[in-house]
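1. Quick one, structure for this:
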Amino acid sequence: MSDPIYDATTLWELVERRAAASPDVPMLLDPEDRRVTFGGFKAWAERVAAGFHALGVTAGTRVTWQLTTRIESIVVSFALARLGAVQNPIIPFYREKEVGFCLRQTGAEFFLCPREWKGFDFVAMGEALAKELSPAPRVMVAYDELPEGDPADLPPAPTDGDEVRWLYYTSGTTSDPKGVQHSDSTLLAGGKGLAVALDMSQSDIGSIAFPYAHIAGPDYIVTVLASGFPAVIVENFDPAGVVPVYKRLGVTMVGGSTAFYVAFLNEQRKQPGEKIIPTLRIVSGGGAPKPPELVGEVRDEMRAILCHGYGMTESPMIAQGGPYDSEDQRSYTEGKPVSGIEVRIARADGSVADVGEEGEVRLRGPMVFKGYTDPALTADAFDEDGFFRTGDLGRLRADGHLSLTGRLKDVIIRKGENISAREIEDLLFAHPKVADAAVIGLVDRERGERVCAVVERQPGESDLEFAEMVGYLREAGLMTQKIPEQLELVDALPRNETLRKVLKFKLREEYDKKPWTPRR
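-> The predicted structure is shown next:
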């Protein structure tokens with residue numbers, strides 16, 4: 001898309017161009033009915049940038065921030081972008097171990113946080129961690145009140161969009177987190193890709209209810225700035241409390257991830273036949289697999305279109321379903337690769353797979369990260385053609401849409417045969433007694449790995465029985481070799497605090513230790 005706004009090369013330039021084009025159009029709304037226009041956002045961010053500059057923040061200053069999803073948090077991040085600071089956002093649910101790791105790894109000079117949130121004292125944590133570090137970062141509260149100064153005192157805005165100015169850390173399971181390096185240009189490319197795919201207009205009203213500190217935060221704000229529509233910012237995602245706010249403010253797009261879709265569906269089911277958000281037209285997100293049945297459920301019950309996407313910390317946008325896709329495309333794919341990205345499906349030997357053939361998803365393009373903070377990890381992450389190895393398995397269909405089929409590390413090898421966990425999960429999800437399901441491989445002396453289904457109970461339904469599961473999967477056409485040998489029932493699957501992705505490593509840890517008797 002050739003457009004002066006889309007052609008911005010830094011995040012701050014995008015802010016300036018949108019403010020010039022739409023100064024009086026609302027940009028950010030919140031449940032307290034605060035409204036910030038695009039012009040007002042630019043002016044506020046400039047004042048805050050001047051305030052931080054007076055405190056010593058300049059181009060290249062390393063700032064770790066652990067802020068909640070508030071209008072002020074977005075202002076802070078763009079004020080720092082105006083100064084050219086190096087930002088390290090941290091999800092506010094993390095505590096001493098993760099925050100201390102990031103502060104040490106980044107050499108942070110400032111740590112910005114709330115004073116207290118959800119009963120936790122962030123300042124006390126930051127000050128305790130600072131005592132262990134040399135040099136110690138300055139701990140500052142950035143919540144209701146932000147430092148402000150005279151924008152006339154600001155230095156020139158940065159012009160190099162390719163310089164690394166964003167550090168995100170992936171959550172580690174068996175090793176330390178990996179530092180993912182981004183620039184303004186990589187984040188701009190991701191957000192522009194999302195904007196083009198969703199085709200939002202200035203008459204739309206979006207929403208952010210997921211943690212702004214996630215890579216999806218700036219990705220979505222770039223979309224807001226590029227397309228010129230406002231977004232409702234929600235600090236705490238409580239479905240019952242959020243729905244009335246969205247209804248009052250006329251939200252047209254909601255989302256976050258599969259867990260968010262299900263939460264909205266559950267709210268809708270409390271009022272069958274009455275659309276709970278009358279203005280809603282799109283449910284969108286990513287971050288976790290999407291069972292295909294959800295597309296029809298959102299259509300029939302919420303009377304909206306579900307447009308699921310695919311991204312990761314290393315590439316904030318990869319593919320995105322759009323409102324003009326067919327129902328088959330939205331049900332069985334993650335959408336089309338977004339504008340500017342190259343997606344290659346690679347066989348195990350590295351050769352390019354045929355159309356429709358499964359292989360590893362590899363990426364190349366302007367939204368792909370600038371490498372890890374550890375050069376050794378970077379060298380292993382890219383192939384000889386410069387494509388990033390995602391570790392995801394998928395297929396490119398003849399229509400150009402991308403279908404994910406699982407993870408390289410999520411393939412269960414049972415008696416030498418590869419079994420896709422996702423194939424079984426999608427089938428189980430459609431069962432009326434199943435709220436959600438995770439399929440894992442457990443070490444087994446006879447089989448190498450056995451297939452274990454961990455099922456989240458559906459409230460109000462009786463428990464799924466083992467024989468019932470087996471019969472259901474056979475009737476669905478699943479090969480006998482793929483049917484789980486073990487069934488475990490839980491009230492809630494373990495999930496992370498960002499996009500509510502199921503933590504399979506915790507399930508493996510628990511059930512690898514649990515005695516198991518084969519069913520004959």
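2. C-alpha from now on. contacts and neighbour counts both.
-> Noted.
3. Identify each buried residue in stretch 320-331, please.
-> In terms of neighbour count (16 or more other C-alpha atoms under 10 Å), stretch 320-331 has its buried residues at 320-323, 327, 329-331.
4. Pick out the most distant pair among the residues you listed.
-> Pairwise distances across those peak at 13.7 Å for Gln320 and Glu327 (criterion: C-alpha to C-alpha).
5. how about the buried residues of stretch 320-331 in JSON lines, adding pLDDT, distance to Asp426 and secondary structure?
-> Output for the buried residues of stretch 320-331, formatted as JSON lines (pLDDT from 0 to 100; distance: C-alpha to C-alpha, whole Å; DSSP: H, G, I helix; E, B strand; the rest coil):
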{"residue": "Gln320", "pLDDT": "97", "distance to Asp426": "20", "secondary structure": "strand"}
{"residue": "Gly321", "pLDDT": "96", "distance to Asp426": "18", "secondary structure": "coil"}
{"residue": "Gly322", "pLDDT": "95", "distance to Asp426": "21", "secondary structure": "coil"}
{"residue": "Pro323", "pLDDT": "95", "distance to Asp426": "23", "secondary structure": "coil"}
{"residue": "Glu327", "pLDDT": "96", "distance to Asp426": "17", "secondary structure": "helix"}
{"residue": "Gln329", "pLDDT": "97", "distance to Asp426": "16", "secondary structure": "helix"}
{"residue": "Arg330", "pLDDT": "96", "distance to Asp426": "15", "secondary structure": "helix"}
{"residue": "Ser331", "pLDDT": "95", "distance to Asp426": "11", "secondary structure": "helix"}
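6. need those residues in CSV with distance to Asp121, can you?
-> CSV is the format used below for the buried residues of stretch 320-331 (distance: C-alpha to C-alpha, whole Å):
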residue, distance to Asp121
Gln320, 38
Gly321, 40
Gly322, 42
Pro323, 43
Glu327, 47
Gln329, 46
Arg330, 43
Ser331, 43
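7. Now flag whichever of those residues is closest to Tyr168.
-> For those, the nearest to Tyr168 is Gln320 (21.9 Å; C-alpha to C-alpha).
8. For the nearest residue to that closest one once chain neighbours are set aside, give its distance to Ser420.
-> Distance criterion C-alpha to C-alpha, 6 or more residues apart in numbering; nearest residue to Gln320, sequence neighbours excluded, is Gly309 at 4.0 Å. Per C-alpha to C-alpha, to the nearest Å, Gly309 is found 20 Å from Ser420.
9. for Val455, same thing?
-> Val455 sits 17 Å away from Ser420, going by C-alpha to C-alpha.
10. Show me where the stretch 51-200 of the chain has its strands.
-> Along the stretch 51-200 of the chain, the segments classed as strands by DSSP state E, counting those that start in this stretch run 62-65, 86-89, 110-113, 116-117, 120-121, 138-141, 164-169, 179-183.
11. any idea which of those strands is most buried?
-> Highest mean neighbour count among the strands of the stretch 51-200 of the chain (mean count of other C-alpha atoms under 10 Å): strand 62-65, with a mean of 26.
12. Sheet-wise, list the partners of that strand with their directions.
-> Sheet pairing for strand 62-65, assigned by DSSP bridges, gives strand 86-89 (parallel), strand 110-113 (parallel).
13. who touches the last one?
-> What that stands for is strand 110-113. 62-67, 122-123, 126, 137-143 (C-alpha atoms under 8 Å, 6 or more residues apart in numbering).
14. Find out how far it is from the centre of the chain, if you would.
-> Centre-to-centre, strand 110-113 and its host chain are 23 Å apart (C-alpha atoms, centre = their mean, to the nearest Å).
15. Would you mind checking the average pLDDT for that strand?
-> Taken as a whole, strand 110-113 carries a mean pLDDT of 98.
16. re earlier: dump the strands of the stretch 51-200 of the chain to JSON lines, plus distance to Glu384.
-> Output for the strands of the stretch 51-200 of the chain, formatted as JSON lines (distance: least, C-alpha to C-alpha, whole Å):
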{"stretch": "strand 62-65", "distance to Glu384": "32"}
{"stretch": "strand 86-89", "distance to Glu384": "30"}
{"stretch": "strand 110-113", "distance to Glu384": "38"}
{"stretch": "strand 116-117", "distance to Glu384": "46"}
{"stretch": "strand 120-121", "distance to Glu384": "47"}
{"stretch": "strand 138-141", "distance to Glu384": "42"}
{"stretch": "strand 164-169", "distance to Glu384": "23"}
{"stretch": "strand 179-183", "distance to Glu384": "20"}
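17. Tell me which of those lies nearest to Gly296.
-> Comparison of the strands of the stretch 51-200 of the chain against Gly296 by C-alpha to C-alpha identifies strand 164-169 as nearest, at 34.9 Å.
18. What ranges does the stretch 351-500 of the chain have for its strands?
-> 359-364, 388-396, 402-407, 411-414, 417-420, 434-444, 448-457, 486-490.
19. Just list what the longest helix seen in the chain packs against, helices and strands only.
-> Longest helix of the chain, by residue count under DSSP state H: helix 38-54. Judged by 3 or more C-alpha pairs under 8 Å, 6 or more residues apart in numbering; DSSP states H and E, helix 38-54 is in contact with helix 11-21, strand 26-29, helix 71-83.
20. Rebuild the ones you listed as JSON lines, extending it with distance to Val368.
-> Shown next, in JSON lines, are the helices and strands packed on helix 38-54 (distance: least, C-alpha to C-alpha, whole Å):
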{"stretch": "helix 11-21", "distance to Val368": "16"}
{"stretch": "strand 26-29", "distance to Val368": "27"}
{"stretch": "helix 71-83", "distance to Val368": "19"}
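21. Any chance of these in JSON lines with mean neighbour count as columns?
-> Conversion of those to JSON lines gives the following (neighbours: other C-alpha atoms under 10 Å):
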{"stretch": "helix 11-21", "mean neighbour count": "21"}
{"stretch": "strand 26-29", "mean neighbour count": "24"}
{"stretch": "helix 71-83", "mean neighbour count": "24"}
